[in-house]
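*Asks:* Would you be able to build a 3D model of this:
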Amino acid sequence: MRLKPHWVIGPGIYLAYAGWVAAAWAFFGIDYASLGTSANLLRGVILPLGLAALALCIFNGLAQWWPQTTREPRMHAPMYQLALALPMCAFIALNIQGADWASMGLQHALVLAGAMLLVGFCEEMVHRGILLVCLRHALGSEAWVWFWSSALFGLMHASNAFFGLGAAALLQVVLAFCAGTALYLLRRLTGSLWVAMLFHALWDFSSLAHALGHATQSGAAVAALGATYLSAFVVLVLVLRKRPEVVINTYDPS
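*Replies:* Predicted structure coming up:
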């Protein structure tokens, strides 16, 4: 039986997901600074997010929301896609190049990859999938859909302040809002949430892999990061001006 989108469902799943992850981190005593270790990735990411991914899949199946949450009409704007994807790919590549793979080892790298794939799936399904679908049915403007889906994505990172990040979590909230904008645009431009999931997973994988080596970001990586956020907001303005309507029926499989 198909479940009709309602504004309560999206925020409800968002709060349940954020609360579940925070509870798991508190239970296992996860510290943000040491999240990238194999033990913490298994306890703090793979276990709770594996269960969350299963729950999200069951919900989508029962509600029959897979088409709505994962697909929508693609925007034929190749220049917009390149302007957004190129700096993101550059940042990912530079992080991977600068990571200390020798000291990490293959097993640790595989655990990290699996964990980040789960992060990409769960966080995108919650924010740019289920939440976005519900917001589109509740709000009268796609601009508000972008803002609230990205703002709640950023706000979810505020809980890291209680897991060792402290006041720096405020900066992470702002940066996550910017990253959420880029990921929102990837969905709209490509018509696929799976693309946003893949970029999200690669972004986090490369960032954590680089951080594990305790190396400082290169000037080129910082420039690519800044270019990603700048291009995201430029493309956002162009996209919202070109397609300002609310996309309610995001995909019709018939």
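
*Asks:* For Gly164, give me the backbone phi and psi.
*Replies:* phi 100, psi -10 (degrees, to the nearest 10).

*Asks:* Ser192 now?
*Replies:* Torsion angles at Ser192 (phi, psi; degrees, to the nearest 10) stand at phi -140, psi 130.

*Asks:* Same check on Ala167?
*Replies:* Dihedral angles phi and psi of Ala167 (degrees, to the nearest 10) take the values phi -60, psi -20.

*Asks:* isn't it right next to Ala158, touching?
*Replies:* No: if you go by CB atoms under 8 Å, Ala167 and Ala158 don't touch, sitting 10.8 Å apart. Quick note: C-beta positions are derived from backbone N, CA and C, even for glycine.

*Asks:* Tell me which of the two has more neighbours.
*Replies:* Here Ala167 and Ala158 are compared on neighbour count by other CB atoms under 10 Å; more neighbours surround Ala158, at 15 against 7.

*Asks:* residue ranges of the strands in the stretch 51-200 of the chain, please?
*Replies:* Residue ranges of strands cannot be listed for the stretch 51-200 of the chain, since DSSP state E, counting those that start in this stretch assigns none.

*Asks:* The chain: helices as residue ranges?
*Replies:* Under the criterion DSSP state H, the chain carries helices at the ranges 9-28, 38-41, 47-63, 66-70, 78-98, 101-104, 106-124, 132-138, 142-156, 168-190, 193-212, 219-242.

*Asks:* buried set for the longest one?
*Replies:* The one in question is helix 219-242. Taking 16 or more other CB atoms under 10 Å as the neighbour-count basis, helix 219-242 is seen to contain the buried residues Ala221, Ala224, Leu225, Ala227, Thr228, Tyr229, Ser231, Ala232, Val235, Leu236, Val239, Leu240.

*Asks:* how about those residues, which pair is most distant?
*Replies:* When CB to CB is used, the two most widely separated members of these are Ala221 and Leu240, lying 28.8 Å apart.

*Asks:* winner for burial among the helices of the chain?
*Replies:* Taking mean count of other CB atoms under 10 Å as the contact definition, the stretch among the helices of the chain with the greatest mean neighbour count is helix 132-138, which reaches a mean of 23.

*Asks:* Could you list every helix and strand in contact with it?
*Replies:* Taking 3 or more CB pairs under 8 Å, 6 or more residues apart in numbering; DSSP states H and E as contact, the helices and strands that helix 132-138 lies on are helix 9-28, helix 66-70, helix 142-156.

*Asks:* Quick one: mean pLDDT for it?
*Replies:* When pLDDT is averaged over helix 132-138, the result is 95.

*Asks:* As CSV, could you dump the C-alpha coordinates of it?
*Replies:* As requested, the backbone C-alpha atoms of helix 132-138 are provided in CSV (Å, rounded to 0.1, in the frame of the first residue of the first chain):
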residue,chain,number,x,y,z
LEU,A,132,13.2,16.0,0.3
VAL,A,133,10.2,14.1,-1.0
CYS,A,134,8.2,15.2,2.1
LEU,A,135,9.3,18.8,1.9
ARG,A,136,8.3,19.0,-1.7
HIS,A,137,4.8,18.0,-0.8
ALA,A,138,4.7,20.5,2.1
